[in-house]
Structure formats: structure tokens, C-alpha cells
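1. Return atomic coordinates for the entry below.
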Amino acid sequence: MENKHILILPPEMRELTWTEKIDFMYQQQLVTWKMAQTHYQHFVHLKKRELMVKGFPFVIQLNASRARSTCADLSKKVIDKRPCFLCLKNLDEEQKGLIIHKKYLLLVNPFPIFSTHLTISELTHRPQRIKNRIIDMLELSGLLEGLTVFYNGPLCGASAPDHFHFQAAPTNKFPIHEKIQTATPEQKETLFEKEDLLVYTIPEFIMNAIIVESEWKEPIDYYFAQLYKKLPVNAGESEPMLNILATNQEGFYRLVVFPRKAQRPSCFYYNDPDRIMISPASVEFGGVLVTPREEDFKKITGDDLIEIFKEVSGDIPLNVKV
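-> This next block holds a predicted model:
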């Protein structure tokens with residue numbers, strides 16, 4: 001496919017690893033794309049603090065550039081009126097990406113939460129729906145070594161609910177992964193187990209998480225398809241509310257599914273000084289809380305986080321048949 005927004009690697013670079021290709025893309029984009037250059041500069045002085053909540057080390061990040069996503073009006077009326085910013089024809093003039101998995105475009109995210117933050121958008125304009133995409137998600141996690149691929153549902157943090165996309169960022173930046181890996185058998189509650197699949201939750205987490213693990217993609221895909229059928233769908237919506245993280249570490253696949261029941265917590269809608277401008281998506285469920293306002297960055301407490309996740313987390317279905 002020829003297009004001015006597709007970055008063509010020199011012949012000698014086509015056999016590079018995806019880590020090396022992504023490094024090349026960042027080098028190119030941070031020189032030629034002014035928007036990305038501006039927004040990635042803020043990582044030099046990014047403010048962060050750790051907040052331990054029931055043994056979980058949340059990272060609170062002050063990131064004013066994310067206000068656009070946090071406060072986005074995602075109503076159908078607004079989405080239908082604006083051009084889709086993930087379609088090739090509407091990308092910024094200087095924006096270029098790499099074809100990956102034959103049908104996705106790997107892009108530097110211009111409003112980053114992490115110093116490496118990728119958008120993985122489908123080349124064709126289709127709505128944000130995860131059904132029949134889990135195999136793709138797992139395969140991408142295998143290609144992108146050291147990165148977590150994540151999915152935000154249409155009302156769960158996706159700023160482009162009209163155009164299918166994943167995102168990706170370094171796995172070691174998500175506190176939840178270490179908490180899962182170091183969890184003892186006593187801390188896990190098994191939901192389903194057979195030879196090639198383990199499904200469990202960790203009740204002490206303040207967010208509801210369904211953790212699905214296997215050496216193979218297919219058992220995870222099949223389990224998710226059954227889980228998907230059990231999750232409630234709100235009137236007028238076409239899929240359950242959820243966020244998902246996918247990783248591949250040494251050939252071992254893990255899918256972490258977060259059922260949702262609300263897009264935003266009640267504190268998002270309060271008047272100041274009681275307002276806390278937080279709109280949880282996959283990154284927040286993974287343990288990184290993005291606050292676009294300094295007042296929220298300074299004042300948010302562990303009790304606030306417990307209440308926020310209580311309000312937005314959905315129930316875990318216990319009757320998934322596989």
C-alpha cells in the first residue's frame with residue numbers, strides 16, 4: 001500500500017525487530033512532526049507520585065496534554081460531526097506510521113501517557129468493537145516485545161469510538177502486571193481451570209479484573225467469546241463496557257479484562273473544589289492514574305481511588321461456560 005502517511009523503511013532495515021522499527025519511527029516523527037515533538041518534551045519534567053492503596057502501588061501522573069481525552073464528549077452527535085482523526089486521509093500532514101499485522105497502522109500517539117505510547121489503528125474505518133479481535137490483540141502483543149497492548153471500549157476511554165484501534169505501552173509501566181505475577185496462590189480466586197487455560201481474579205484488588213492465561217491464543221479467545229456473551233450491554237450500545245490489557249512474555253499469553261458499569265465516576269461531574277477530573281480507561285485500571293489538573297494530582301487519596309473504582313467497575317460473571 002502506498003500512502004504518504006505510511007513510513008517506508010529502507011531495505012536494510014526491513015529485517016529489524018519491531019523494537020528497532022519503533023525506535024526508528026520515533027526518531028523520525030519527533031524530528032518531523034511538531035505536535036508529537038511538543039507533547040513528548042513534557043516527559044522531561046513530568047510529575048508523578050506513588051499512592052499505595054491496599055497494597056497496590058498506583059502511580060499518579062500530572063499530564064495536562066491528556067485533558068482533551070479525559071474530557072472528550074463522545075456522544076454520537078459530536079462524533080458524527082467531526083472527521084475521523086485515525087483515517088489515513090485525515091492524519092496530520094507530518095504524521096507517519098508503520099504497517100503491522102497487515103491490517104493495522106502503528107503510530108506514535110500524539111498525546112502520550114508514556115515516553116513510548118503507540119496507537120494501533122485499523123487501516124479500514126470500522127467502529128471500536130472488540131468482538132473477534134482477541135486473536136489479533138494477542139498476536140500483536142507477541143510482535144511488540146516488552147509492550148502491553150490495550151483496548152478501551154467505546155464508552156471506556158476510547159477517544160475514537162468510530163475507528164477501531166488498540167494502543168500499546170511498556171509493560172513495566174503498568175503496576176498491575178507485577179502485582180499479578182507476584183500474587184500468591186492464596187491471593188488468587190480461580191474462576192476456571194483446565195489443562196491449557198487458567199482464569200482467576202485477585203479479590204484484594206480495588207478494581208474487578210478477570211485474568212486469563214495460556215500458552216496458546218485459541219483457549220483465551222474462546223473463553224473471552226463466552227465471557228463477552230455474559231457481560232451486560234446497555235440499551236442503545238453494541239458491546240459490553242470493558243477495558244482489556246494483553247501481554248506476551250516468553251510465549252506465555254495473558255489477557256486482563258476489566259468489566260465496567262460506568263464511563264466516569266460521580267466525582268468527575270462535581271463542582272470545584274470537590275471535583276476530581278479522572279476518566280478511567282485501561283491505563284488507569286492498570287495502575288496509572290492520569291490527572292490533567294494539578295489540583296487533582298495533589299489532592300487525590302486512596303479513599304478516592306477506592307470509591308472511583310467501586311463506581312466504574314462492573315461485576316465479574318461467575319457462570320461462564322467453556
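2. average pLDDT across the host helix or strand of Tyr253?
-> Applying DSSP states H and E as the criterion places Tyr253 in strand 252-259. Averaging pLDDT along strand 252-259 yields 98.
3. Toward the C-terminus, what is the element adjacent to it?
-> Once the chain leaves strand 252-259, the next helix or strand it forms, by DSSP H and E, is helix 282-285.
4. what helices or strands is the helix or strand just after that following helix leaning on?
-> The helix or strand immediately downstream of helix 282-285 is strand 288-291, counting by DSSP H and E. For strand 288-291, the packing partners by 3 or more Cβ pairs under 8 Å, 6 or more residues apart in numbering; DSSP states H and E come out as strand 56-62. No exception for glycine: its C-beta is placed from N, CA and C like everyone else's.
5. Mind jotting down where the helices sit in this protein?
-> For the chain, the helices defined by DSSP state H occupy 18-32, 34-40, 67-70, 76-81, 134-143, 175-181, 217-230, 282-285, 294-299, 302-312.
6. Deepest in the core, which of these is it.
-> The highest mean neighbour count among the helices of the chain, using mean count of other Cβ atoms under 10 Å, belongs to helix 282-285: a mean of 26.
7. Just the residues contacting that helix, thanks.
-> 113, 150-152, 156-157, 167, 169, 174, 176, 207, 209, 243-245, 258, 278, 290, 309 (Cβ atoms under 8 Å, 6 or more residues apart in numbering).
8. And that helix, how far out from the chain middle?
-> 6 Å (Cα atoms, centre = their mean, to the nearest Å).
9. and the residue nearest to Lys310 when sequence neighbours are not counted, how many neighbours?
-> In space, and not counting its chain neighbours, Lys310 is closest to Ile206: 7.5 Å by Cβ to Cβ, 6 or more residues apart in numbering. Burial of Ile206, expressed as a neighbour count using other Cβ atoms under 10 Å, amounts to 18.
10. pLDDT score assigned to Ile206?
-> On pLDDT, Ile206 comes in at 98.
11. quick one: it and Phe309 touch, right?
-> Yes: between Ile206 and Phe309 there is a contact under Cβ atoms under 8 Å: 4.8 Å.
12. if we can go back for a sec, identify whichever of the helices of the chain lies nearest to Gly251.
-> When these are compared by Cβ to Cβ, helix 134-143 sits nearest Gly251, at 7.8 Å.
13. Can you list the helices and strands that that closest one packs against?
-> Secondary-structure packing of helix 134-143 (3+ Cβ pairs under 8 Å, 6+ apart): strand 147-152, strand 165-170, helix 217-230, strand 242-249, strand 252-259.
14. List of residues touching it?
-> 18, 100-101, 104, 120, 130, 147-149, 151, 166, 168, 217-218, 220-221, 224-225, 244, 246-248, 251, 253, 255.
15. Show me how far it is from its chain's centre.
-> On Cα atoms, centre = their mean, the centre of helix 134-143 falls 14 Å from that of its chain.
16. Same question for stretch 14-29.
-> For stretch 14-29, the distance to the chain centre is 21 Å (Cα atoms, centre = their mean).
17. Same question for stretch 241-250.
-> That offset, for stretch 241-250, works out to 8 Å (Cα atoms, centre = their mean).
18. Run through who's touching that stretch.
-> 130, 134, 137-138, 140-142, 148-153, 155-157, 171, 174, 176-177, 231, 234, 253-263, 280-282, 285-286, 314.
19. out of the residues you listed, which are buried?
-> 130, 134, 137-138, 140-142, 148-153, 155-157, 171, 174, 176-177, 231, 253-260, 262-263, 280-282, 285-286, 314 (16 or more other Cβ atoms under 10 Å).
20. can you pull the contacts of the residue nearest to Ile100 when sequence neighbours are not counted?
-> Spatial nearest neighbour of Ile100, chain neighbours left out: Leu106 (4.6 Å); criterion: Cβ to Cβ, 6+ apart. If you count contacts by Cβ under 8 Å, 6+ apart, Leu106 has them with Ile22, Met25, Gly97, Leu98, Ile99, Ile100, Leu118, Thr119, Ile120.
21. Which residues does Val149 form beta bridges with?
-> Beta bridges link Val149 to Ala168, Ala246, judged by DSSP bridges.
22. Against Thr190, how distant is it?
-> Computed as Cβ to Cβ, to the nearest Å, the Val149 to Thr190 distance reads 25 Å.
23. same question, Asp296
-> 37 Å.
24. Quick one: neighbours of the residue lying closest to Asn109 once chain neighbours are set aside, just the number.
-> Once flanking residues are discounted, Asn109 sits nearest to His117: 4.2 Å by Cβ to Cβ, 6+ apart. A count of neighbours around His117, defined by other Cβ under 10 Å, yields 22.
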